[in-house]
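[1] Got a predicted structure plus its sequence, pasted below:
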Amino acid sequence: MKSLVCLKQVPDTETQIKVNPDGTGIVTEGIKYVINPYDEFSVEEALRLKEKFKAGEVLILSIGPDRATEAIRTALAMGADKGIHISDESLNNSDPFVIAQALAAAAAQTEYDIIFCGHRAIDDDFGEAGAMLAELLKLPQVTLVTKVDIADDKTKAIVERDVEGGKETVEVPLPCVLTSQKGLNEPRYASLPGIMKAKKKPIDKKTAADLGISPEPKLRSNAYSMPPERTAGKKFEGMEPPDVAKAVVQALRNEAKVI
Amino acid sequence: MSKVMIYGEIKGGKIKKTAFELASEGRKLADGLGGELSAVLMGAQAEQFASDLGRYGVDTVYVVEAPELEGYNSEYYAQALAQVIAEKKPEVVLLSHTMQGKDLAPRTAAKLGVATVADCVSFRLDGSTLVGKRPMYAGKCYAEWTAMASPQMFSARPNVLETAENAKAGAVEKIAFTVDSSRTTYSTKELSLDTSGKVDLTEAEIIVSGGRGMGGSDYTLLEEMASIFGPTATVGASRAAVDAGWRPHSDQVGQTGKTVTPNLYVACGISGSIQHLAGMGSSKVIVAINKDPEAPIFTKADYGIVSDLFKVVPEMNKELRALLAE
Ligand SMILES: Cc1cc2nc3c(=O)[nH]c(=O)nc-3n(C[C@H](O)[C@H](O)[C@H](O)COP(=O)(O)OP(=O)(O)OC[C@H]3O[C@@H](n4cnc5c(N)ncnc54)[C@H](O)[C@@H]3O)c2cc1C
Ligand SMILES: Nc1ncnc2c1ncn2[C@@H]1O[C@H](COP(=O)(O)O)[C@@H](O)[C@H]1O
């Protein structure tokens, strides 16, 4: 089973985000970066497929500045086989269409039975690149996937996905693009031997020119701002439960007017 | 001349409220741009909703019927929507950032060679350019986004745009559509929907959420509170509760769960980690019940109750039942 895993490096969820003074973006100094949590589910699922079929490969594909190598290395330490790092100034801070275009071009230069994306990157929060990649490769997409079962002959998969208020089970022909959702699996940690081995695994560096693309941005952002500061409101301490319940319920009706 | 087009989502044989939110916003934008507002509905059951959309300001409703459109499928719906957009050439296309919208918008956009400005919480016109404001980093910051290619596609977060009636024709035009079956897609084997009629967290107006302080999987107290509030209320959870197996993954609120914007968020036994606050910090009103007076959630809560949730929630339920029964 050959899996291609699209992985983005994003700020750690602990990061306090600050907007830069001219509002053109966020302050990047001091940020610690990690693998996008949804992409970790993808890496884990791909590793499990390789283990199940006792053959195949897990290929990591990431677009990003030099630092993205660390994220690829971490995935290699978890057990992935090799990486492709697309590093190109013209692709930094790109919109999901440009990213999907680059991912599609890179995918076209590799072999795969299945492609995994995360259902969304937790930095820009678009949640688009997976579906766009599928469309650009003319492949079916199954988004928000929580369970994957691949037939022995590798021609199709039975997949469970989250839908509003429930679950949908679908049958999808391979190759296809799946987008990982929480619940798919529990990602493993990189072991010490894994980390040692990862150092020798190959990471192929490519530029936009190597992929034969010249990115044309589709979206533009500006006027970054912080959300209105929330401050502590009324605090009820040391009151009897019936009294505090009455006070708060009344306040919700008469003061906040939300019920 | 349709300047603005909305996609109206139909679910379980009913048109969703988000369609009226889009219609109301779309009407304002179409007036601002000096053109018509149209809507796209899919499936044989769709035509009946045209007059509803007319009430909220839609001039023309394009109804696309084909056997493949009877249930949602990303490829077929994206084909149909992309076809209508290509034929009618709206300048602005609006979808809702619902579970279905998240699946449909990017695939449709890619067919048209554009990207969607996803999950906007407000819109404004800058000349003929639409500007959408959207949260990033799960709400840790916001930015304004514009589309540089045509059509300008945007999706709106459910439950934040106001609905406003503004009667227009809502005239139906049927669009002929044949599926391009050279494209493979998935087929649905089973659809198991929660029949409780519970709204999705991202669309709920009230969320009663429980964390590790719940001490186990018994969420009866919180479910009771949600049911007293009625059908627009639902139950959520922190990651600690989800990881403990007390609640399904789909209930998780936070940076790696759902970003929610209810009118009221009641946090029970939740400490208020940065990841949790990111996901619910834009709630209109926050109530926190926690026995630790130092819990960080109190720095964000409009009403903080320092107490044992097992003592306070039953009392609140009593009060709420009495009040809301009036
Ligand atoms: C990569 C990453 C992503 C994450 N994403 C998310 C996310 O999306 N969402 C999320 O929620 N978390 C997320 N987390 C986890 C987060 O860091 C916290 O661990 C988690 O939010 C804690 O959940 P909690 O508040 O329920 O539990 P705790 O922090 O343990 O808090 C429990 C609270 O309950 C109170 N309590 C206990 N008993 C009672 C009682 N009887 N009555 C009243 N109060 C009581 C305690 O005083 C305490 O404040 C993430 C973490 C990581 C590393
Ligand atoms: N720079 C990138 N490099 C590799 N994969 C990416 C990149 N950006 C997005 N993706 C993939 O697309 C998914 C959705 O991203 P997004 O549309 O940005 O929310 C991510 O979870 C990744 O799998």
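    Perfect, thanks for sending it. Ligands and ions are numbered 1, 2, ... in the order given.

[2] Need phi/psi at the closest residue to ligand 1 within chain A.
    Closest contact between chain A and ligand 1, by Cβ to the nearest ligand atom, is at A:T13 (4.2 Å). Any C-beta I mention is one placed from the backbone N, CA and C, and that applies to glycine too. Backbone geometry at A:T13, expressed as degrees, to the nearest 10, gives phi -60, psi -20.

[3] what's the burial count for it?
    Other residues lying near A:T13 total 18 when counted by other Cβ atoms under 10 Å in any protein chain shown.

[4] That one and A:V19: what is the separation?
    In this structure, A:T13 lies at 18 Å from A:V19, with Cβ to Cβ, to the nearest Å as the measure.

[5] A:S225 too?
    Separation of A:S225 from A:V19 (Cβ to Cβ) stands at 6 Å.

[6] Between the two, tell me which one has more neighbours.
    More neighbours surround A:V19 than the other of A:S225 and A:V19, with 18 against 12 (other Cβ under 10 Å).

[7] Find the residues that touch each one of A:S225 and A:V19.
    Here A:S225 and A:V19 share the contacting residues B:C141, scored by Cβ atoms under 8 Å, 6 or more residues apart in numbering or on different chains.

[8] how about A:K52, secondary structure?
    Under DSSP: H, G, I helix; E, B strand; the rest coil, the three-state class of A:K52 is helix.

[9] Which residues of chain B lie near ligand 2?
    Remark: no part of chain B is in contact with ligand 2, using Cβ under 6 Å from any ligand atom.

[10] which residues sit in contact with the spatially most central residue of chain B?
    Most central in chain B under Cα atoms, centre = their mean is B:P158, positioned 3.0 Å from the mean C-alpha point. Applying Cβ under 8 Å, 6+ apart, one finds that B:P158 lies in contact with B:17-18, B:21, B:96-98, B:202-203.

[11] Looks like A:G118 contacts A:G130 (just checking).
    Yes - in this structure, A:G118 is within contact of A:G130 by Cβ atoms under 8 Å, at 7.2 Å.

[12] if I look at these two, which residues touch both of them?
    Listed as contacting both A:G118 and A:G130 by Cβ under 8 Å, 6+ apart are A:6, A:179.

[13] Scan the contacts of B:P158 and report the most crowded one.
    Using other Cβ under 10 Å as the contact criterion, the top neighbour count among the contacts of B:P158 goes to B:S96, which has 29 neighbours.

[14] Name the nearest residue to that one, ignoring sequence neighbours.
    For B:S96, the nearest residue in space outside its immediate sequence neighbours is B:T18; the separation is 3.9 Å by Cβ to Cβ, 6 or more residues apart in numbering or on different chains.

[15] SS state for the one you found?
    Following three-state DSSP, we place B:T18 in the helix state.

[16] if I read this right, it contacts B:E203, doesn't it?
    Yes - with contact defined as Cβ under 8 Å, B:T18 and B:E203 form a contacting pair (7.3 Å).

[17] so the residue of chain A closest to ligand 1 touches B:I274, yeah?
    Yes - contact criterion Cβ under 8 Å: A:T13 and B:I274 qualify, at 7.1 Å.

[18] What about the nearest residue to B:G236 once chain neighbours are set aside, how many residues nearby?
    Computed as Cβ to Cβ, 6+ apart, the closest residue to B:G236 that is not its neighbour in sequence is B:S209, at 3.8 Å. B:S209 is flanked by 33 other residues according to other Cβ under 10 Å.

[19] Next, give phi and psi for B:S209.
    The phi and psi torsions at B:S209 (degrees, to the nearest 10) take the values phi -120, psi 140.

[20] Show me what counts as buried in the helix or strand hosting A:T74.
    Assigned by DSSP states H and E, A:T74 falls within helix A:68-78. Counting neighbours by 16 or more other Cβ atoms under 10 Å in any protein chain shown, one finds that the buried residues in helix A:68-78 are A:68-69, A:71-78.

[21] Let me know the pLDDT of the residue nearest to B:S96.
    Reading off the per-residue confidence, B:T18 sits at a pLDDT of 96.

[22] now do the one 4 residues further on
    The per-residue pLDDT reported for B:L22 equals 98.

[23] Next: the one 5 residues further on.
    Model confidence at B:R27, given as pLDDT, is 98.

[24] which ones are touching it?
    B:37, B:56-58, B:164, B:166, B:168 are the contacts of B:R27 under Cβ under 8 Å, 6+ apart.

[25] Give me the nearest residue to it, chain neighbours excluded.
    Spatial nearest neighbour of B:R27, excluding adjacent residues (Cβ to Cβ, 6+ apart): B:G57 at 3.1 Å.

[26] who wins for neighbours among the contacts of B:R27?
    Once you tally neighbours by other Cβ under 10 Å, B:V58 ends up highest among the contacts of B:R27, having 36 neighbours.

[27] what about the closest residue in space to it that isn't next to it in sequence, distance to A:K235?
    Spatial nearest neighbour of B:V58, excluding adjacent residues (Cβ to Cβ, 6+ apart): B:A39 at 4.6 Å. In this structure, B:A39 and A:K235 are 47 Å apart, going by Cβ to Cβ.

[28] Quick check on the two: which one has the bigger neighbour count.
    A count of neighbours by other Cβ under 10 Å puts B:A39 above the other of B:A39 and A:K235, at 31 against 13.

[29] part of a strand, is that one?
    Yes - secondary structure assignment (three-state DSSP) places B:A39 inside a strand.

[30] Make sure it is actually in contact with B:M5.
    Yes - proximity of B:A39 to B:M5 meets the contact threshold set by Cβ under 8 Å, at 7.0 Å.

[31] between those two, what contacts are shared?
    Overlap between the neighbourhoods of B:A39 and B:M5 consists of B:G26, taking contacts as Cβ under 8 Å, 6+ apart.

[32] And the helices in the chain?
    Answering for chain A, as no chain was given. For chain A, the helices identified by DSSP state H occupy A:37-53, A:68-78, A:96-108, A:129-136, A:192-198, A:208-211, A:241-254, in order along the chain.

[33] Switch to chain B, please.
    When secondary structure is read from DSSP H, chain B shows helices at B:17-33, B:50-55, B:74-88, B:99-112, B:220-229, B:239-243, B:274-280, B:309-325.

[34] which ones are touching A:K50?
    Shown here is A:K50, whose contacts under the criterion Cβ under 8 Å, 6+ apart are A:1, A:3, A:56-58.

[35] again, only using 6 Å
    Each residue near A:K50 by Cβ atoms under 6 Å, 6 or more residues apart in numbering or on different chains is listed here: A:1, A:56, A:58.

[36] What sits closest to it if chain neighbours are left out?
    Across the structure, with Cβ to Cβ, 6+ apart as the measure, the residue nearest A:K50 apart from its sequence neighbours is A:G56 (4.6 Å).

[37] That neighbour: how many residues sit nearby?
    Here the number of neighbours of A:G56 (other Cβ under 10 Å) works out to 19.
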